[in-house]
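> Here is my input; please provide its structure:
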Amino acid sequence: MSNYTIALSGLQNTSLAIDTTSNNIANANTVGYKAGEYVFADQYFQAVNPSDPNRVGLGAQRLSVRRALTYGTINNSQNPLDMAIGGDGWFRILSDKNDPKSLNYTRNGQFAVAKDGFIVNENGMYLTGYQPSADGSSVTDTLGTLKMPDDYANGEQTDTSRIDVVLDSRENAFVKGSGVAFDPAQNTFNSKTTQIIYDSNGTSHTLETYYRRVTDSQLQITSGAGGYTYSPGEASSPNTLSTTSVTIPKTSVMTVQTAPITTLLGSATGKTAVGTGNATINLSGTTVAGAALAVGDKVYMNGVDTGLTVATAVTSGSSVSTITVAGTPTIDIPSNASFTFYKADVAATATDTTLSATTDGKAWSIINTPTAGLSVGQRLFVNGIDSGVNIAAIGTGTVTLDGPLPSSVKSGAALASTSLVFKQSLDMTLIAPDATNLVVQGTTNKQASNTILNAVQSNVEVYASIDGKFYNHTDPTNTYGNREITEDVPGAGGYGAVARIGLVAGRNIDSLVTDFGTGKPLFSTKVTLTTKVSNGSQQSTTIPLIYDLDLSNTQLQASSFQVTASVQDGEPRSELASVSIDDGGNIVGIYGNGRKIFAGQVALTHFDASQQLVPTGGNSFAPSYMSGTEGDVGVTVGRPGEGSFGALKQNAVEQSNVDLSNELVKLMILQRSYSANSQSMRAFDQTLQDTIRMTS
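Sure, this is the predicted structure:
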């Protein structure tokens, strides 16, 4: 009777294989369908002598349906929510959005929007992914069901307004001497900008900023061990913790533009030892042109101060082979070095104990000072400390300076019995690493000299109004800026500046140097502005509007006024215009005002044993103990585009991986197999009938 069993198993299994092949053909156009193939094995149930190689099997046994999870062709779609996976990932879908255990997986990326706004597939199962942050500006690591962006985006209050302008340096400044105060009605300003900002209701308000160039001042830069350091502007805010000053790196180069006494070309190579006595510089009979060299004149080699001075005077026009120098440094003298010489320092001693102030309270006269050898423009050093001020005028026994003496070089008003040294003031150019050229005045270009370099600083006052109401105005309103700025010329109308910007070489001194680690300027020119604006109700109530005004990128150039950037982060209420899904699966709502809000990010799951997933119908699969579940080894959840998950393509679907030609050929083979198994059963039936007839 085993022949019946063998033939019957062949018929049954071939029938199942025909069913599987027919199902593949039926789903040739089903999106995301994965073709199946029945797997069989021969079977032996007889236990008599299992090692007998001549045993005859008992037919075929059914093992499983194997699914080759190869990719299907990706075709375009008109539905903006349709997605195709370009890798090994699976969409995560929930049959019940409130039950995490109802998790299934699919490669069918046909999605739509349910009435409650959730994104679902054609079976009503919910697409899952990473949830958006509270403000919609980013995506979190929390998994959940995904919803479409809201139809409307609520208004967002302006937190930061940034206005970048290029001011025209050719326009006249409103200097203090003219006594002209700021008055918008009288056009006592140079330029003006307008920007729309928003309150917490999304209501728009007009911010107007006025730029007024005022009296220039001096920016004092100290040459220290770390570089060239100065104090930032009045409206500066540090961008780096513990930063209190701006330092231009010591890798900068400073060149001297002031003409020297003379220039000589040396030919010696080697070191000149200095400190044990005067040393010589070999010059090979160079003729001294121009003025004579006097004892104490300063020696520069290849444009850099050596710290050495001339020890023996040299007559103008003479041919010299060597020059004797004095000083403590030891210097390397390269071949054909160029030497330049500048005027010697002039020492003096104050014989009076008091300083007399001139009427403007700024320039001072030093009384009873010997004036021999002094000249206008020389810098004053008191007890070896650079005062930062120069000689403005020389009288009989008096010297008038061009600025007040700092407290670091005087005690009260006394200068008696102090050492006064006047040094030649040199015009120099400090070339920062970013190629910015700062024109400065100082007495040496030697690094780490602790001398003060003076640069001309152009000053610009900024005034601002909101809906016509000025900040820092003296009328009883709640409109003000957080910076206390004393205007160059205080206005009778009560207008107050919200910021003063200092500019050198056309650049804002706050943003001239950037932090090496972050690339951001060490300081920003930023002020906080506070006011109350109308709530838009008939009750005439007001709401606060507080935001930062960033003026860091203000420049001063010889060009027409222009606004290079005017941006703020507030938004009015706006309507959803479109939805986009990028390669990373980010679902972004784009609104009428250009605002973008994240609705979430599609999550994908990867199975190392994806062939062990169990089909549940509706193009979805359920995990099995063979495939593993999320959290098991070999099962990972991640974002599209990462690892082997594969990127997503919007407006596209993955077609079935069924190969119709192959399935039709397979079907014909199965039909023949079924017929052959039928013949086996018929042959056994005929044999059985013949046997019965013979025995009867």
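> tell me the mean pLDDT over the lengthiest strand in the chain?
Scanning the chain for the longest strand, with DSSP state E as the assignment, gives strand 204-224. The average pLDDT for strand 204-224 rounds to 95.
> Give the next helix or strand downstream of it.
Next helix or strand after strand 204-224 toward the C-terminus (DSSP states H and E): strand 227-230.
> Sheet-wise, list the partners of that following strand with their directions.
Paired with strand 227-230 in the same sheet, following DSSP bridges, are strand 204-224 (antiparallel), strand 246-249 (antiparallel).
> which parts of the longest one are buried?
Read it as strand 204-224. When neighbours are counted by 16 or more other CB atoms under 10 Å, the buried residues of strand 204-224 are found to be 205, 207-214, 217-224. In this view, the C-beta of every residue, glycine as well, is placed from N, C-alpha and C.
> cool, and stretch 671-688?
Neighbour counts over stretch 671-688 (16+ other CB under 10 Å) mark 673-674, 677, 680-681, 684 as buried.
> quick check: mean pLDDT across that stretch?
For stretch 671-688, mean pLDDT is 74.
> Dump the C-alpha coordinates for it into CSV.
C-alpha atoms of stretch 671-688 as CSV (Å, rounded to 0.1, in the frame of the first residue of the first chain):
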residue,chain,number,x,y,z
GLN,A,671,1.6,20.5,-14.3
ARG,A,672,3.7,17.8,-15.8
SER,A,673,4.8,16.6,-12.4
TYR,A,674,1.2,16.4,-11.3
SER,A,675,0.4,14.4,-14.4
ALA,A,676,3.3,12.0,-13.7
ASN,A,677,2.3,11.4,-10.1
SER,A,678,-1.2,10.6,-11.4
GLN,A,679,0.3,8.1,-13.8
SER,A,680,2.1,6.5,-10.8
MET,A,681,-1.1,6.1,-8.9
ARG,A,682,-2.9,4.7,-12.0
ALA,A,683,-0.1,2.2,-12.6
PHE,A,684,-0.3,0.9,-9.1
ASP,A,685,-4.1,0.8,-9.3
GLN,A,686,-3.8,-1.3,-12.5
THR,A,687,-1.3,-3.6,-10.9
LEU,A,688,-3.5,-4.1,-7.9
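> Alpha carbons only: can I get the longest strand of the chain in PDB?
Coordinates of each C-alpha in strand 204-224 appear next as PDB, following Å, rounded to 0.1, in the frame of the first residue of the first chain:
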ATOM      1  CA  SER A 204       3.800  91.700  12.800                       C
ATOM      2  CA  HIS A 205       5.500  94.800  14.000                       C
ATOM      3  CA  THR A 206       7.900  97.200  12.200                       C
ATOM      4  CA  LEU A 207      11.500  97.500  13.600                       C
ATOM      5  CA  GLU A 208      13.400 100.400  12.300                       C
ATOM      6  CA  THR A 209      17.100 100.800  12.900                       C
ATOM      7  CA  TYR A 210      19.000 104.100  12.400                       C
ATOM      8  CA  TYR A 211      22.800 104.300  11.900                       C
ATOM      9  CA  ARG A 212      24.700 107.400  12.800                       C
ATOM     10  CA  ARG A 213      28.400 107.800  12.400                       C
ATOM     11  CA  VAL A 214      29.900 109.900  15.200                       C
ATOM     12  CA  THR A 215      33.300 111.100  16.400                       C
ATOM     13  CA  ASP A 216      36.200 108.700  15.900                       C
ATOM     14  CA  SER A 217      38.300 107.500  18.800                       C
ATOM     15  CA  GLN A 218      41.400 105.400  19.400                       C
ATOM     16  CA  LEU A 219      41.400 101.700  19.900                       C
ATOM     17  CA  GLN A 220      44.300 100.700  22.100                       C
ATOM     18  CA  ILE A 221      45.900  97.300  21.300                       C
ATOM     19  CA  THR A 222      48.500  95.900  23.600                       C
ATOM     20  CA  SER A 223      51.400  93.800  22.200                       C
ATOM     21  CA  GLY A 224      51.600  90.900  24.700                       C
END
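> Centre of the chain to it, how far?
Mean-position distance between strand 204-224 and its chain equals 25 Å (CA atoms, centre = their mean, to the nearest Å).
> likewise stretch 439-447?
Centroid separation between stretch 439-447 and its chain, computed with CA atoms, centre = their mean, is 35 Å.
> Okay, buried residues for it please.
440-447.
> Most widely separated two among the residues you listed?
Within the buried residues of stretch 439-447, two members stand farthest from each other by CB to CB: 441 and 447, at 16.8 Å.
> mind listing the helices for the stretch 1-150 of the chain?
Ranges of helices within the stretch 1-150 of the chain are 2-26, based on DSSP state H, counting those that start in this stretch.
> could you pull out the strands for it?
Along the stretch 1-150 of the chain, counting by DSSP state E, counting those that start in this stretch, strands occupy 36-42, 60-67, 74-76, 83-85, 90-94, 103-106, 111-113, 119-121, 126-132, 139-145.
> Please apply the same query to the stretch 401-550 of the chain.
Secondary structure of the stretch 401-550 of the chain by DSSP E, counting those that start in this stretch: the strands cover 419-423, 426-431, 437-442, 452-466, 469-470, 480-481, 499-504, 507-508, 523-534, 542-550.
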